[in-house]
Structures are given as C-alpha cells and as structure tokens.
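sequence first, predicted model second:
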Amino acid sequence: RMTGDYASDMSDSAGTYWLDVEKRAWSDALLKAGHMRREQMPELFEGSAATGRLSAAVAKAWGMPKRPVVAGGGGDNAAAACGIGAVHDNDAFVSIGTSGVLFVSNDSYRPNAGRAVHAFCHAVPGTWHQMGVILSAAASLEWLSGVLQTPAPKLTAALGTKLNGPSPALFLPYLSGERTPVGDSQVRGAFLSLGHETDRKILTHAVLDAVAFAIRDCQEALKGAGTQITRVKAVGGGTKSELWLKIIATALGVPVELPAAGDVGGAFGAARLGLIAATGADFKTVLTPPKVARTITPDAKARAAYEDAYGRYARIYPAIKEISR
C-alpha cells in the first residue's frame, strides 16, 4: 500500500511455515503442503534492503518532497536486536516484559524444534537468530500483584536487593501455557512447597525465581541447538528490579549487562534498518551495541542453591502436565 511493491522481509517470513529458513527462500515443498503456489508469495528482501520507494500519492499526502525508500524491516524481536546491536554470532539479550525472550544471533541456521526453539532469519544478511520464548514473565508478577492487591514494585521492594538464595517455594509460571521448551498451550501454572510459614515475600521471591528458571530452560534448549551463551544484555520493564537481575544472572550462570541508553528497542532498530536501506551503509558499522551502564554477575554464594532449585523446577512440568489442564 505504501510502495506498490509486493514484498516481505526474511525475519517475518521465517515465522510462516512456507520459508526454507536455512536457504532464505520460499520452499516449494512447504508451499505445496499448504496448498499454496510460489506466484502467490511476495518477493523476499533482507530487512536492511530497500523494497521500493514510497508512492508519489503517499509522499504527497505526507508532505514529503522526495519519495524515500522503504526498508524491509523486521519482526519485533529481530528489530529489537538491531536496536541493541545483537547482530554478531552469539550476541544475546534477555527481554523481561509481559512475556520473556532469550534471543541469540547466529552465523548459521541452528534449529532445535523438539525443544520449541524459534530459529529464524535475522533482519540482516547472512545471519540467523534463535529465541527461547516464555509467555508469562512480568505477567506472572502482575498476576501475583492482582491476587495480593499490592503493586508489583512494592512486592519486589519488600525483598530488598541482597540475594541469599532461592525461595523455599516453587512456582511454575505457565499461566497461559508455555512455548519454550514444552510447546504446551493447555498446561497451567502451579505453586509447590507451600507451608504455614509461606507469606507474600516467599511467594514473590518464588515468582521471580520461576521466571529466571523459565529463561534458564530457554538457555538449555539453545544449548541443545549448539549455542553457548556467555553473557546477555537485559531489556524490558523487569530490569527495574536489581534483585531480579541478580536472580537471572545467578540462574543462568552468566553476567547480565544493563545498557546505558534507553532507546534500544524495536522502533530504534527499525529506524537503523531504514538508515541502512537509504544509505547503503554496512550494517555492522550501524548496528552497534550501546554502552553498558553496569554488569550484574552471578552470585557465587547462591549459585549452588540455585542450581539445586532449578533441578527441582525442571521436574515440575513432567510431573504435573497430565493433571494441570
């Protein structure tokens, strides 16, 4: 509608069942299985490439004297990776929003469908990415906030900032089912190991732990696809809790870096892709990472306890999946 061209970018196209993700091309076999034909499909473009120019009518309506190019762009997480500079092999970030994402850039196609790893084309040429996705990250904390009728920031503030070990209670954050690593839309969440001593602090701590463990599940699924994460940048509303960042760093066993700049999201990444499409610049010189404000390292004293707690957490789903629907 903007250019008159029928185009699609690689990263969003990888989210369909019709793309050969490794070859970055439509798959005739998959199209046939879906009762589709190649001539029905849009032309494929890299996210940093120009798909065409704004039509004269639209440019005039928007008061633009020239007709600018329109970039291919990218899916939300691929564009966010361009905003934060995660475009080289093993560059990783964790997003702690309503849902949660563990994103890693790859120099080759590395699927692990059996563990529900999302392996897509990246928004830049010759690059792919993997994602582990959890459905209820900060949403789990907001759910508890609603149940306890207490604002989420007040719940987390009551825990302080010092990490002494995991919560004695366990929580499974499958409030809307789960994607990585189980791919189960019907399963639901659970609290375990509750006792008379369980209070709102223990429940809050259990929720923070559970989200970190769910992200650890994603990390393990990515390991199964041949990816070893050594550090991650953290973005999203959950990064406002220092304790939560410490828990995540300790559960993952890797440093968590907080970017100094706030403008590192998908809109910024899309603007960067537009700049590359308009100027022909090398994406590696444009899609640079922001400065790191501070680094949160795993807590050595709490690490063993968190490993033990994660082992218990990982056994919850197989034990309850048939009775929690």
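Arrived safely. Residues are numbered from 1 along each chain as shown.

how much space separates the nearest residue to residue 225 once chain neighbours are set aside from residue 126?
Spatial nearest neighbour of residue 225, chain neighbours left out: residue 112 (3.5 Å); criterion: C-beta to C-beta, 6 or more residues apart in numbering. (C-beta placed from N, C-alpha, C; glycine too.) Residue 112 sits at a distance of 21 Å from residue 126 (criterion: C-beta to C-beta, to the nearest Å).

still on that earlier bit, the residue nearest to residue 225 and residue 132 touch, don't they?
No. Counting by C-beta atoms under 8 Å, residue 112 stays clear of residue 132, with 9.5 Å between them.

now do the shared contacts for those two.
221-222 (C-beta atoms under 8 Å, 6 or more residues apart in numbering).

these two: which has the busier surroundings?
residue 132 (28 against 20; other C-beta atoms under 10 Å).

show me the contacts for residue 256.
Neighbours of residue 256 in contact, by C-beta under 8 Å, 6+ apart: 94, 231-234, 245, 248-249, 295-296.

among those, name the ones in helices.
Residues of the contacts of residue 256 located in helices (DSSP state H): 245, 248-249.

buried subset of those residues as a ChimeraX selection?
Buried residues among the ones in helices among the contacts of residue 256 (16 or more other C-beta atoms under 10 Å), as a ChimeraX selection:
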select :245,248,249
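
contact partners of stretch 165-172?
With C-beta under 8 Å, 6+ apart as the test, stretch 165-172 has contacts from 140, 189-195, 197-198, 202-203, 205-210, 302, 305-306, 309, 312-313, 316-317, 320.

now those: which count as buried?
Buried, going by 16+ other C-beta under 10 Å: 140, 189-191, 202-203, 205-210, 302, 306, 309, 313, 316-317, 320, out of these.

would you put the C-alpha positions of the helix ranked longest in the chain in CSV?
Ordering each helix of the chain by length in residues (DSSP H) puts helix 200-223 first. Extracted C-alpha coordinates of helix 200-223, given in CSV (Å, rounded to 0.1, in the frame of the first residue of the first chain):
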residue,chain,number,x,y,z
ARG,A,200,3.8,-12.8,50.3
LYS,A,201,7.6,-12.3,50.4
ILE,A,202,8.1,-16.1,49.8
LEU,A,203,5.5,-16.1,47.0
THR,A,204,7.0,-13.0,45.3
HIS,A,205,10.5,-14.5,45.5
ALA,A,206,9.2,-17.7,44.1
VAL,A,207,7.7,-15.9,41.1
LEU,A,208,11.0,-14.0,40.4
ASP,A,209,12.9,-17.3,40.7
ALA,A,210,10.4,-19.1,38.4
VAL,A,211,10.8,-16.6,35.6
ALA,A,212,14.6,-16.9,35.9
PHE,A,213,14.3,-20.7,35.7
ALA,A,214,12.0,-20.4,32.7
ILE,A,215,14.7,-18.4,31.0
ARG,A,216,17.2,-21.0,32.1
ASP,A,217,15.0,-23.6,30.4
CYS,A,218,15.4,-21.5,27.2
GLN,A,219,19.2,-21.4,27.7
GLU,A,220,19.3,-25.2,28.0
ALA,A,221,17.2,-25.5,24.8
LEU,A,222,19.6,-23.2,22.9
LYS,A,223,22.5,-25.3,24.2
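
wait, residue 99 touches residue 140, no?
No. Shown here, residue 99 and residue 140 do not form a contact pair, counting by C-beta under 8 Å, at 10.1 Å.

still on that earlier bit, now for the longest helix of the chain, which elements pack on it?
strand 100-106, strand 128-134, helix 138-148, helix 152-157, strand 170-172, helix 242-252, helix 300-314 (3 or more C-beta pairs under 8 Å, 6 or more residues apart in numbering; DSSP states H and E).

who are the contact partners of residue 72?
Counting by C-beta under 8 Å, 6+ apart, residue 72 has contacts 7-10, 45-51, 123, 273, 277.

just to revisit the earlier point, and the residue nearest to residue 225, its phi and psi?
Backbone torsions of residue 112, given as degrees, to the nearest 10, read phi -150, psi 70.

where does the prediction get shaky in this structure?
For the chain, applying pLDDT under 70 flags the ranges 262-263.

now with 90, please.
When residues are selected by pLDDT under 90, those of the chain lie in 1-2, 17, 260-265, 324-325.

show me the residue at the heart of it, geometrically.
Centroid-nearest residue in the chain, with C-alpha atoms, centre = their mean: residue 101, separated by 2.2 Å.

didn't that one look like it was pressed against residue 135?
No. Counting by C-beta under 8 Å, residue 101 sits too far from residue 135 to count as a contact (10.6 Å).

shared neighbours of these two, anything?
By C-beta under 8 Å, 6+ apart, no residue touches both residue 101 and residue 135.
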